[in-house]
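Asker: here is a sequence with its predicted model. Questions after.
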Amino acid sequence: MRLYIGSTRQFISDTVHNQIADKLKTAFFNYYRQTPSTYEIRSWRQSLASIYQVFQSNHLLDHGIILEYQIPLTSKRLDCLITGRDGHHHDNAVIIELKQWEECEQADGINEVITYTGGAQREVLHPSAQVGQYETYLKDVHTAFYEPPLPVCLSACAYLHNYRFVSDDVLLADKFKALIENYPLFSMDDVDPLSEFLRTRLLSGEGMEVLARIEDGKYRPSKKLMEHVANVINRRPEYILLDEQLVAYDRVMASARKGLGDRRKTVIIIKGGPGTGKSVIAINLMADLLRDDFNAHYATGSKAFTETLRKIIGNRGSVQFKYFNGYQDANPDAVDVLICDEAHRIREFSADRFTPKTERSDIPQIQELINASRVSVFFIDQDQVVRPAEIGSVEHIKEFAQKNDCLIFEHELEIQFRCSGSEAFVNWINNTLGITRTANVLWTGQENFEFEIFDSPKSLEEAIRNKAAQGFSARLIAGFCWDWSKHKPGSALKNDVVIGDFRRPWNARHEAVKLPGGVPKAQFWAYDKNGINQIGCVYTAQGFEFDYVGVIFGNDIVYDFEEGKWAGHPENSGDPS
């Protein structure tokens, strides 16, 4: 999707005659069926007036241009892409990220700064990092930019047309030096350097022919990208498959090889409780499918789990690791194999209260996932549903698979890897919490697994810290029975979890900015070693593995001794849902 495409000559004329914002507004309405915000319209007028002047003064009149170009399978839109040929008549394209920023502050992240945007101070990507991600994405997934023999040469830069650099400017800090060298940053005083950057790549014009190549290209991961992700995963030796895990793995691989040539789509449902290796199979599949040239995606409903996978794989591979709600605009069968981990967290619809009206859809989320892929693989544990809006179940998946006339396969995992492989402990937990009646009514502690009930949260925390000091992975978690305070930039986290004289902070919010030294955001709490200094909850712990976990029960679920069963008290929960 793009809101404007044509020649630079026409773009300049539309801008000079004050028509460009109206044309974008009309295209926006035709696509989203809603009028864009006043802020966005004003942004178009100001930013595009600045860049058209650069094009006009440099006689870039025989070139192609795309405005507001949405990258498939993302909600991101490029501001501007201009095409042409250089002095040697090689095909070129340049991404230009346009910013209306006027000032910036320092942020802790290696790629971030803080600026006023969207009505508040926010931590955002440095412009060079942002546009660099766009360039890398297109080079990795758009055939026009990687297919031999002569792919279109792609470059990227950022133009801050309202910004004037000052002494020791945050945007020019040493940690951004390599980024700026690769993806130059131009301020309002850098029109001449920006002009030279564009002329070097677009001198010969003939941009409409290059634009046609981009329009005719397809979106599919390059072999280089798939090898990169597969190699990172394959360096992790803990991912070994056993017994029915391997059977499920082989079913997916066989369906992938057969499915691309089959008229019918395939849905594979792999059921298993905690610790049965669902994510282990999923990660192995991801690596091997990519290595074998399949366009595989890995999707979850967990921000913490997805963002940690992206951190492990690296920014370049993050395009293959997405959320369940990331397929609203996907082309049919855009993905060869879609691996849906934690499928019990599938929601009825992809939109939530934060979703702009322009991006809402009445298509069920499960239908979007099936539409987007030839082979859909769902790893599911129906006992791990966390929130009321999560409706993922075997029955729900099968209902839509049958509606779409899909081939359906089901597998069940039983082998236990968690809790030192102690099936007795897992059975005792299920029995004690009233999940499933089992023969393990009492815990004898005879197996090689450590379990203990502590008299206080202080002694529990001390035990967890002792295990961490011995080199084990260890975390303290609690039920969501205390409010989760918002974090003021630069200040210490509030001690939300208070039990007597025990006071500790929750993990930092996802959107927190300017965190004090060493504090990871919620999505990295489980992965970052400094997470041991905060308390996590189900949303930041689900899907991860630790050697030792300390669990604090709140009073949202208590044991009723008179009734002889557990009783839920949602009024004592701090979870807004």
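Answerer: Looks like it arrived, so ask away. Numbering: from 1, shown residues only.
Asker: low-confidence ranges, the stretch 251-400 of the chain, go.
Answerer: In the predicted model, the stretch 251-400 of the chain carries pLDDT under 70 at residues 315-317, 353-355.
Asker: and stretch 399-408, which residues are buried?
Answerer: Phe400, Ala401, Cys406 (16 or more other CB atoms under 10 Å). To be clear about C-beta, it is placed using only N, CA and C from the backbone, and glycine gets the same treatment.
Asker: in contact with the second one, which residues?
Answerer: The reference is to Ala401. Val267, Ile370, Ser376, Ile408 (CB atoms under 8 Å, 6 or more residues apart in numbering).
Asker: how does it look with 6 Å?
Answerer: Ala401 makes contacts with Val267, Ile408, as judged by CB atoms under 6 Å, 6 or more residues apart in numbering.
Asker: again, but for Gly87
Answerer: Gly87 neighbours (CB under 6 Å, 6+ apart): Leu203.
Asker: related to what we said a few turns ago, from the buried residues of stretch 399-408, pick the one nearest Leu413.
Answerer: Ranked by distance to Leu413 (CB to CB), those are led by Ala401 at 19.5 Å.
Asker: name the helix or strand for the closest one, please.
Answerer: Using DSSP states H and E, Ala401 falls within helix 394-403.
Asker: off-centre distance for the following helix or strand past that helix?
Answerer: Going down the chain from helix 394-403, the next helix or strand is strand 407-413, by DSSP H and E. Strand 407-413 has its C-alpha centroid displaced from the chain centroid by 27 Å (CA atoms, centre = their mean, to the nearest Å).
Asker: for Asn495, which non-adjacent residue is spatially closest?
Answerer: Arg503 (3.8 Å; CB to CB, 6 or more residues apart in numbering).
Asker: count of residues packed around that neighbour?
Answerer: Arg503 sits with 12 neighbouring residues when counted by other CB atoms under 10 Å.
Asker: would you mind listing the outside residues contacting stretch 113-127?
Answerer: 97, 99, 101, 104-105, 107, 111-112, 158, 170, 176, 185, 513.
Asker: again, only using 7 Å
Answerer: Contacting residues not belonging to stretch 113-127 are listed as 97, 99, 101, 103-107, 111-112, 158, 160, 170-171, 176, 179, 185, 513-514 [CB atoms under 7 Å, 6 or more residues apart in numbering].
Asker: try stretch 356-370
Answerer: With contacts defined as CB under 7 Å, 6+ apart, stretch 356-370 is touched by 32, 34, 75, 265, 267, 324-325, 327-328, 338, 340, 346-351, 376, 396-397, 400-401, 404, 406.
Asker: which residues of the stretch 201-350 of the chain fall in strands?
Answerer: For the stretch 201-350 of the chain, applying DSSP state E, counting those that start in this stretch gives strands covering 266-272, 296-300, 321-323, 335-340.
Asker: and Met226, what's its pLDDT?
Answerer: Met226 is assigned 56 on the pLDDT scale.
Asker: any regions of the stretch 101-250 of the chain where pLDDT drops low?
Answerer: Checking the stretch 101-250 of the chain against pLDDT under 70 turns up 221-243.
Asker: could you redo the last one with a cut-off of 50?
Answerer: 237-239 (pLDDT under 50).
Asker: give me the number of residues near the residue nearest to Gly500 when sequence neighbours are not counted?
Answerer: Once flanking residues are discounted, Gly500 sits nearest to Ser456: 7.7 Å by CB to CB, 6+ apart. The tally of other residues near Ser456 (other CB under 10 Å) stands at 12.
Asker: measure Ser456 to Gly554 for me?
Answerer: Using CB to CB, to the nearest Å, Ser456 is found at 15 Å from Gly554.
Asker: what about the helices in the stretch 301-450 of the chain?
Answerer: With DSSP state H, counting those that start in this stretch, the ranges of helices along the stretch 301-450 of the chain come out as 303-313, 365-372, 394-403, 423-432.
Asker: please consider this matter closed, and thank you.
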